[in-house]
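# Okay, sequence plus prediction incoming.
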Amino acid sequence: MSTSRRPLIAGNWKMNGLKKDAKQLASQLAKRMINNKKLAFDMVVCPPTPLLGLVVETLKGSGVKMGSQDSHQATSGAHTGDSSPQLLKNIGCAYAIVGHSERRTDHGEDDKCVKAKAESAIEAGMVAIICIGETLKQRKSGRAISTNRKQLLGSLPEGASAKNTVIAYEPVWAIGTGEVATPAQAQEIHAAIRAELVKAIGAKEASKMRILYGGSMKPSNAKELIALPDVDGGLIGGASLKAPDFWAIAEAAS
Ligand code: PEP
């Protein structure tokens, strides 16, 4: 973590929880945030789409931001089941996760699609959190860096800046598995991502852009990971569903 970049702690609730769970979790985080205004991190939670309205009301005035777990590339139209970036922004999303590995796998989203989604989300006024990451097979065959480089360059929106884009490095083998990248593995990839960003968007923007680590981050490993020079926070799945755990990760970043 560099002192020049404000850590971002992002919770991906995935397809979990009912109304009462979302309300409870959001209100616990809102209360903690209100009582700890001086802590130096940004926090965002990304609930399931049907719960966005409830969560935004619950978070009101707390400083905890809300994001979507996906955002369609089109502004409107015949896309059953999807949500436009304009609607997501309108309902209160400040961020949109795009290209999560579960969407890349479950919905066949490739880099071109992720790039289009990121560009539309930014156009609508949200910050795009772009997920990239290698599989275990790619890592074992020595292709971890090249895979991330390719995904990054293929998914990076035109006009990407530190203000409108966040990168999340999420090794697929670490998501929801309890396996976590070692500090050396995480720093190696984060540094490679930043080096690639320098070439793509220039040294100044690259030095300001936040790169999150995601993959079985929890209170017991967060401090060590977030302390790494090129790790600027976390994208957290399982541990974001319990307010004390998610809050403890945020505290590790401040
Ligand atoms: C994620 O879904 O982005 C994630 C990192 O999940 P988990 O923290 O559960 O591994």
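Alright, I've got the coordinates. Numbers count the residues shown, from 1 in each chain.
# gap between the closest residue to residue 144 other than its chain neighbours and the ligand?
In space, and not counting its chain neighbours, residue 144 is closest to residue 134: 4.6 Å by CB to CB, 6 or more residues apart in numbering. For the C-beta atoms, the positions are set from N, CA and C on the backbone; glycine is no exception. Distance, residue 134 to the ligand, using CB to the nearest ligand atom, to the nearest Å: 14 Å.
# Name the SS class of residue 134, please.
At residue 134 the chain is in coil, as set by DSSP: H, G, I helix; E, B strand; the rest coil.
# quick one: contacts for it?
143-144, 147-148, 171-173 (CB atoms under 8 Å, 6 or more residues apart in numbering).
# Can you read off the backbone torsions of it?
phi -90, psi 160 (degrees, to the nearest 10).
# Put the buried members of the contacts of residue 134 into a ChimeraX selection.
Selection of buried members from the contacts of residue 134 for ChimeraX, criterion 16 or more other CB atoms under 10 Å:
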select :144,147,148,171,172,173
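# possible to save the contacts of residue 134 as TSV with pLDDT and distance to the ligand?
Below are the contacts of residue 134 laid out as TSV (pLDDT from 0 to 100; distance: CB to the nearest ligand atom, whole Å):
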residue	pLDDT	distance to the ligand
143	98	21
144	98	17
147	98	17
148	98	15
171	98	9
172	98	10
173	98	10
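# Of the contacts of residue 134, which belong to helices?
In helices, judged by DSSP state H, the following of the contacts of residue 134 are found: 144, 147-148.
# What is whatever helix or strand residue 114 lives in packed up against?
Using DSSP states H and E, residue 114 sits within helix 111-123. Applying 3 or more CB pairs under 8 Å, 6 or more residues apart in numbering; DSSP states H and E, one finds that helix 111-123 contacts helix 85-91, strand 95-98, strand 127-132, helix 144-155.
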